[in-house]
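# missing the sequence, but the structure's below:
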């Protein structure tokens, strides 16, 4: 249907470029960035919940990851970067590339508790046990975390000097994200473990099994709720913008 008036000068317009295809691709990428970020965060939380088997350790990891993402996005804004296709795609992988460092510190915390003797545990307060376990975790895995981060940073530096701008931008984002992740892990995550970490928790297959059952139940209930909502006429978009349940 022609929405222009009969005497409109816009009737004489014609298209001389195929740039609209690229524009549409960037619009779809930016609109899907938040969806991918939330989805990767949900998957990360579920995996960490099963891995740690403890709600406090899960919350410490989640708080650290959220702080990392906020810092990286804040640096985007300070650098004057607009949310283009490269930034949108990078957002979806920030969670996965950030979670490794803090999860390894949490793993070291759990292993430190398993190595502590019962006599040592009984002779100390809960606060002292947390600090000792955190210190042992940093000594055990801290050097490996720093070396891993430095390797990634050194590998990303040449990528920032390429003439292909998407590669250069992705290298800069990877460098920023790795630096922030390492810093947050060795400061925020370590401080939270020393203050709020479970002093007497040592893990075990029962805790992991319970966490797996709880996570599976939550996933099933969430999908069931979304499906019921879609049958009632609520439009739930998928990553591509099409309805999730067609």
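That came through fine. Just so we're clear, the structure is a prediction, and the values are computed from it rather than from any experiment. Numbers count the residues shown, from 1 in each chain.
# residue ranges for the helices of the chain, please.
Here the chain has its helices, by DSSP state H, at 19-52, 55-78, 85-115, 118-122, 126-159, 165-184, 190-196, 205-231.
# reformat those as TSV; add mean pLDDT.
Below are the helices of the chain laid out as TSV (pLDDT from 0 to 100):
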stretch	mean pLDDT
helix 19-52	75
helix 55-78	90
helix 85-115	83
helix 118-122	76
helix 126-159	91
helix 165-184	88
helix 190-196	94
helix 205-231	88
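# got a markdown table for the ones you listed, with mean neighbour count and distance to residue 4 too?
C-beta: built from backbone N, CA, C; applies to glycine. Formatted as a markdown table, the helices of the chain follow (neighbours: other CB atoms under 10 Å; distance: least, CB to CB, whole Å):
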| stretch | mean neighbour count | distance to residue 4 |
| --- | --- | --- |
| helix 19-52 | 16 | 19 |
| helix 55-78 | 18 | 39 |
| helix 85-115 | 20 | 32 |
| helix 118-122 | 10 | 79 |
| helix 126-159 | 16 | 48 |
| helix 165-184 | 19 | 38 |
| helix 190-196 | 18 | 61 |
| helix 205-231 | 12 | 37 |
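# which of these sits closest to residue 11?
Ranking those by proximity to residue 11 (CB to CB) places helix 19-52 first, at 19.1 Å.
# show me what contacts the residue nearest the centre of the chain?
Most central in the chain under CA atoms, centre = their mean is residue 95, positioned 1.8 Å from the mean C-alpha point. Neighbour list for residue 95: 37, 40, 41, 44, 65, 69 [criterion: CB atoms under 8 Å, 6 or more residues apart in numbering].
# may I ask you to confirm that the third one is in contact with residue 68?
In other words, residue 41. No - Residue 41 is beyond contact range of residue 68, at 11.2 Å (criterion: CB atoms under 8 Å).
# find residues that contact each of these two.
Shared contacts of residue 41 and residue 68, defined by CB under 8 Å, 6+ apart, are absent.
# having no further points to raise, I will conclude here.
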